[in-house]
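> Provided below are the primary sequence and the corresponding predicted coordinates.
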Amino acid sequence: MTSDPDFVKLPSRWAWLAACAIAVVYAGEAPAAAVQSLESIAAAARARVLALPAAGDEVAVSVARLDPRLRLAACPVALDAFLPPGTNGGSISTVGVRCGGGKPWVLYVPVTVHRLREVAVLVRSVPRGAVLGAADLRLERTDVGALTQGYYRAEELPVGMVLRRALAAGTVLMPQHLETRLAVRRGERVILTADVGGAVVRMTGEALANGAVGDTVRVRNLTSRRVVEGTVADGGVVEVRL
């Protein structure tokens, strides 16, 4: 005859304590509530910025380190990243990331946007008053977000302009550093030239304004005393159309 297994009968108080201990064990082994990974939040913010039109720029995005203590419920749907109201492409500092399902939440993530462009930089140190030549310049990929005073791109190199002050090699050139080289100055003698029937006539005149090459200035003909307008050329010449 087979006997049943032996059971130890505990007093009721001990049975209650044992049941509590088992409950604690199972509670400790229960999985923690799922949380959204910080990496996925940062990736959503970065992707939102990179999706914006870049106007030919190379764009890089730095996302601020999120607080590792942050515990947001895992989102059952794709995260939605958005730009806060009033944000434009040139002043993005925050991206909103939200979960629209399950337990909804919204988090604003600080970001830094780097817009890289090739801009004109000095190859060597150049003194004040120097006229820039092509050999003085090179193009360097630079974050233009901090260049609030402007800069020069490849299609607008400031060749022929004059430095207002001495600058060191490697300086990014800005409009405030430069001024137009004057070909004629007010009060100076200039040569007036005019095409009369295929023949070039030359006269002496007095510039009534400063002018760079290509500018239109008023000039007084010192022979006739007549005031005319002409286009400034190199060498103190003003070309007049009669």
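Yep, that arrived.
> where does residue 90 land on pLDDT?
pLDDT, residue 90: 61.
> for the protein, what spans make up the helices?
Along the chain, counting by DSSP state H, helices occupy 12-29, 38-50.
> Spatially, which residue comes closest to the residue most central in space within the chain, not counting chain neighbours?
Central residue of the chain (Cα atoms, centre = their mean): residue 145, 2.9 Å from the mean position. Excluding its sequence neighbours, the residue lying closest to residue 145 (Cβ to Cβ, 6 or more residues apart in numbering) is residue 115, at 5.5 Å. Using the backbone N, CA and C atoms, a C-beta is placed for each residue, glycine as well.
> contacting residues for the one you found?
54, 57, 58, 59, 143, 144, 145 (Cβ atoms under 8 Å, 6 or more residues apart in numbering).
> just checking, the last one touches residue 114?
Read it as residue 145. Yes. Counting by Cβ atoms under 8 Å, residue 145 touches residue 114, with 6.4 Å between them.
> Pop the domain breakdown of the chain in here.
38-115, 116-179, 182-240 (automatic domain parsing).
> Okay, now the unreliable bits of the chain?
The model of the chain has pLDDT under 70 over residues 1-33, 55-56, 88-90.
> for it, what spans make up the strands?
58-63, 80-82, 94-99, 105-122, 137-143, 162-163, 178-179, 182-184, 189-196, 199-207, 211-212, 216-221, 227-233, 237-240 (DSSP state E).
> so what does the fifth one touch, helix or strand wise?
Counting by 3 or more Cβ pairs under 8 Å, 6 or more residues apart in numbering; DSSP states H and E, the packing neighbours recorded for strand 137-143 are strand 105-122.
> ditto for the first one
Contact partners of strand 58-63 among helices and strands, from 3+ Cβ pairs under 8 Å, 6+ apart: helix 38-50, strand 105-122.
> May I see those arranged in TSV, with distance to residue 150 as well?
Listed next are the helices and strands packed on strand 58-63 as TSV, based on distance: least, Cβ to Cβ, whole Å:
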stretch	distance to residue 150
helix 38-50	24
strand 105-122	10
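> Please state the offset of stretch 58-75 from the chain centre?
Offset of stretch 58-75 from its chain centre (Cα atoms, centre = their mean, to the nearest Å): 22 Å.
> And that stretch, what's buried?
61, 63, 66, 72, 75 (16 or more other Cβ atoms under 10 Å).
> so which of the strands of the chain is the most packed in?
Between those, strand 182-184 has the highest mean count of neighbours, a mean of 22, where neighbours are mean count of other Cβ atoms under 10 Å.
> Parallel or antiparallel, list what pairs with it.
strand 211-212 (antiparallel) (DSSP bridges).
> Now do the strand it pairs with: everything it contacts.
Counting by Cβ under 8 Å, 6+ apart, residues outside strand 211-212 touching it are 180, 181, 182, 183, 184, 217, 232, 238.
> Relative to residue 163, how far out is the first one?
Here the criterion is Cβ to Cβ, to the nearest Å. By it, residue 180 lies 12 Å from residue 163.
> how distant is stretch 131-145 from the center of its chain?
With Cα atoms, centre = their mean, you get 17 Å for stretch 131-145.
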